[in-house]
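1. for reference, the sequence and a predicted model appear below.
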Amino acid sequence: MPKLALKVDVDTWRGTRDGVPRLIELFSRHQAGATFLFSLGPDHTGRAIRRVFRKGFLQKVSRTSVVEHYGICTLLYGTLLPGPDIGRREAALMRGVRDAGFEVGIHTWDHIKWQDFVAGKDAAWTEREMNLAAQRFTQVFGQPPRTHGAAGWQMNHAAYAHEAALQLDYASDCRGTQPFQPVDEQGRLLGVPQLPTTLPTLDELIGLDGLTADNVHRVLLDQTANKPDCGHVYTLHAELEGLRLLDTLDRLLSGWKQQGYQLVSCAELFRTLDPATLPRCPVRMGEIPGRSGTLALQG
């Protein structure tokens with residue numbers, strides 16, 4: 001049976017507190033596995049205002065109703081309001097996700113800080129941010145992390161390398177077409193195996209070409225009609241699919257089950273692979289339709 005892995009990026013305190021429990025209920029109803037990647041430090045979502053000068057950002061904001069999805073308070077954290085410490089406030093909830101049988105991993109320490117700056121930072125800055133997240137993860141769960149999924153698909157070579165130093169099993173940091181082993185410009189192995197996100201996200205689609213929350217699922221189901229041997233990875237967000245777009249996700253899960261997919265965690269998909277046989281691919285920064293700025297892409 002072909003596998004489709006569900007990767008949940010949890011960016012904010014609101015997404016953790018309100019979106020994650022609703023996703024747990026929905027996944028349990030569909031008997032679906034999933035991987036929850038947590039932001040473990042401060043919620044500084046309000047500092048994303050810097051992105052107003054980024055190409056395509058205002059267009060995306062106008063399409064995806066950011067205020068409705070994130071809420072006014074969240075959009076002020078780190079500016080007019082202090083940023084709540086997500087890992088400290090919601091440690092019990094995070095452990096409950098694991099205890100319910102779902103895979104848990106690292107998304108980031110400070111989501112906005114990582115997403116906006118990591119691409120241009122050096123190894124010392126990068127490793128410090130990753131170590132903060134890994135240490136908090138271990139405090140919350142009583143064991144070290146086994147996987148990482150980069151905030152905003154933003155990475156640098158030091159981040160890939162440090163994933164190996166943290167002894168992760170695999171990561172899901174970029175966009176692409178199939179699992180692969182990342183390599184640097186000289187073809188040398190870099191980091192751990194990658195399970196790239198293979199499908200567009202809802203916020204990249206809604207508002208384009210007449211797509212709405214009521215019909216966008218049909219586009220994604222068209223893209224998964226042909227089932228690749230290596231499966232798919234779909235990234236969703238606790239702040240979107242876990243809240244106002246929960247019904248859209250419900251339709252997607254039903255459609256994927258009707259197509260014959262087994263809905264699994266990224267770890268379960270990874271266990272079907274032989275890392276030694278994965279293609280070796282470079283990683284680069286580039287643009288994709290529907291998303292502002294550049295992000296990590298499988299070469």
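-> Nice, I can see it.
2. the nearest residue to G152 once chain neighbours are set aside: what secondary structure?
-> Leaving aside its chain neighbours, G152 sits nearest to Q115 (3.6 Å; criterion: CB to CB, 6 or more residues apart in numbering). For glycine as for every other residue, the C-beta is placed from the backbone atoms N, C-alpha and C. Following DSSP: H, G, I helix; E, B strand; the rest coil, we place Q115 in the helix state.
3. list the contacts of Q115.
-> 108, 151-152, 154 (CB atoms under 8 Å, 6 or more residues apart in numbering).
4. now do the strands in the protein.
-> 3-10, 35-39, 103-108, 181-183, 232-237, 262-264, 280-286, 295-298 (DSSP state E).
5. turn the ones you listed into a markdown table, columns for distance to A133 and mean neighbour count.
-> Output for the strands of the chain, formatted as a markdown table (distance: least, CB to CB, whole Å; neighbours: other CB atoms under 10 Å):
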| stretch | distance to A133 | mean neighbour count |
| --- | --- | --- |
| strand 3-10 | 12 | 27 |
| strand 35-39 | 8 | 28 |
| strand 103-108 | 5 | 25 |
| strand 181-183 | 20 | 22 |
| strand 232-237 | 18 | 24 |
| strand 262-264 | 24 | 20 |
| strand 280-286 | 20 | 16 |
| strand 295-298 | 17 | 22 |
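6. how many neighbours does the closest residue in space to E204 that isn't next to it in sequence have?
-> Leaving aside its chain neighbours, E204 sits nearest to G290 (3.1 Å; criterion: CB to CB, 6+ apart). G290 has 20 neighbours, counted by other CB atoms under 10 Å.
7. contacts only, for G290.
-> 60, 200-201, 203-205, 208.
8. out of these, which are buried?
-> Buried subset of these (neighbour count, 16 or more other CB atoms under 10 Å): 60, 200-201, 203-205.
9. report the two of those separated the most.
-> K60 and P200 (12.9 Å; CB to CB).
10. where does pLDDT dip in the chain?
-> 47-82 (pLDDT under 70).
11. which helix runs longest in it?
-> Scanning the chain for the helix with the most residues, using DSSP state H, yields helix 123-141.
12. and that one, what does it pack against?
-> Contacts defined by 3 or more CB pairs under 8 Å, 6 or more residues apart in numbering; DSSP states H and E place helix 123-141 against helix 86-89, helix 91-99, strand 103-108, helix 111-117, helix 157-165.
13. could the ones you listed be laid out in JSON lines, adding distance to L249?
-> As requested, the helices and strands packed on helix 123-141 are exported to JSON lines (distance: least, CB to CB, whole Å):
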{"stretch": "helix 86-89", "distance to L249": "22"}
{"stretch": "helix 91-99", "distance to L249": "17"}
{"stretch": "strand 103-108", "distance to L249": "18"}
{"stretch": "helix 111-117", "distance to L249": "21"}
{"stretch": "helix 157-165", "distance to L249": "28"}
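14. just name the most buried of those.
-> strand 103-108 (a mean of 25; mean count of other CB atoms under 10 Å).
15. what angle sits between that one and strand 3-10?
-> 50 degrees (axes from the mean of the first three to the mean of the last three CA atoms, to 10 degrees).
16. strand 103-108 to helix 91-99, inter-axis angle?
-> Going by the same axes, to 10 degrees, strand 103-108 makes 130 degrees with helix 91-99.
17. returning to that earlier point: right, so of the strands of the chain, which gets closest to R244?
-> Going by CB to CB, the one of the strands of the chain nearest R244 is strand 232-237, 10.9 Å.
18. other SSEs contacting that closest one?
-> strand 3-10.
19. and the strand it packs on, what does it pack against?
-> helix 20-29, strand 35-39, strand 232-237, strand 262-264, helix 266-270.
20. ok, residues contacting the last one?
-> Here helix 266-270 makes contact (CB under 8 Å, 6+ apart) with 3, 5, 7, 33, 35, 103, 146-147, 169-170, 172, 179, 193, 195, 231, 233.
21. kindly report the same for stretch 94-106.
-> By CB under 8 Å, 6+ apart, stretch 94-106 touches 16, 20, 24, 27-28, 33-38, 40, 87, 130, 133-134, 137, 140-141, 145-149, 265-268.
22. next, the buried residues of stretch 129-141.
-> 129-130, 132-134, 136-137, 140-141.
23. for the residue lying farthest from the centre of the chain, phi and psi?
-> Centroid-distance maximum for the chain: Q186 at 28.1 Å, with CA atoms, centre = their mean. With angles defined as degrees, to the nearest 10, Q186 sits at phi -90, psi 0.
24. just to revisit the earlier point, redo the contacts of G290 as CSV? Include distance to H217.
-> Shown next, in CSV, are these (distance: CB to CB, whole Å):
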residue, distance to H217
K60, 20
P200, 12
T201, 13
D203, 14
E204, 14
L205, 10
L208, 14
